[in-house]
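>>> Test case, fold it:
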Amino acid sequence: MPAVQLGMAIGPEMSRMEHVPTNWNESTEDHDRTDRTTPHRTSRRPLRGRAKGAKPEERGRRMTGRIARMLYGQSYGLIRVSDGREVFFHRKDAPDALFNSLEVKDSVVFELIEDPIAGPRAVRVARRDRNQRRQGLLSPD
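Below is the predicted model:
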């Protein structure tokens, strides 16, 4: 008996068929179709919304605090602010070299985002410069 291939008609009752679909996406009616160059989008108006992966720029209140906890393996840390709260910050909210060099009790400046669902979050985290305190640019902790 000869080997059977996918899509091959088997037996005398199937011998009249010219083409048998070999997968679910293929059908006998669309087999000869060659005009697949029609665009999906015909209008020329600009797309709405934001691009995939792009997030809107968030701005918050400028604050200072000290690192309360660092979880390097889980890519986040907590900053204790002057009112006693601990504010979450993610690795992406600080430059890579800074995140890896931060230690508990380091003084930092950041922008505080008050999110009603997730809670307070620090963005644009940077190490606090001693010159900023002397110049009066930042309030002491």
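
>>> State the three-state secondary structure for Ala97.
helix (DSSP: H, G, I helix; E, B strand; the rest coil).

>>> so where do the helices sit in this protein?
96-101, 130-135 (DSSP state H).

>>> where among the ones you listed is the average confidence lowest?
Note on the helices of the chain: lowest mean pLDDT is at helix 130-135, with a mean of 57.

>>> so where's the longest strand in this structure?
In the chain, assigned by DSSP state E, the strand with the most residues is strand 61-71.

>>> wait, isn't Arg59 in contact with Glu114?
No - in terms of CB atoms under 8 Å, Arg59 does not count as a neighbour of Glu114; the distance is 11.7 Å. Every residue, glycine included, has its C-beta placed from N, CA and C.

>>> Next, work out how far apart the residue lying closest to Arg59 once chain neighbours are set aside and Gly73 are.
Once flanking residues are discounted, Arg59 sits nearest to Glu111: 6.5 Å by CB to CB, 6 or more residues apart in numbering. To Gly73, Glu111 is 25 Å away according to CB to CB, to the nearest Å.

>>> And Val104, by the same measure?
Distance, Val104 to Gly73, by CB to CB: 15 Å.

>>> ok, now Ala97?
Counting by CB to CB, the separation of Ala97 from Gly73 is 18 Å.

>>> got it, and Phe89?
Applying CB to CB, the value for Phe89 to Gly73 is 15 Å.

>>> more crowded one of the two?
Neighbours per residue (other CB atoms under 10 Å) separate Phe89 from Gly73, with Phe89 holding more: 26 against 6.

>>> Pull the residues that contact stretch 117-130.
With CB atoms under 8 Å, 6 or more residues apart in numbering as the test, stretch 117-130 has contacts from 58, 60, 63-65, 79, 85, 87-90, 93-95, 98-99, 102, 106-115, 138.

>>> Give me the subset of the residues you listed lying in strands.
63-65, 79, 87-90, 107-115.

>>> Mind checking which of those are buried?
Buried members of these, counted by 16 or more other CB atoms under 10 Å: 63-65, 79, 87-89, 107-113.

>>> Same list (those residues) but as CSV, adding distance to Gly119 and pLDDT.
Shown next, in CSV, are those (distance: CB to CB, whole Å; pLDDT from 0 to 100):
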residue, distance to Gly119, pLDDT
Met63, 15, 94
Thr64, 19, 96
Gly65, 15, 96
Ile79, 13, 97
Val87, 8, 96
Phe88, 7, 96
Phe89, 12, 96
Ser107, 22, 96
Val108, 18, 96
Val109, 20, 96
Phe110, 15, 95
Glu111, 15, 95
Leu112, 11, 95
Ile113, 10, 94
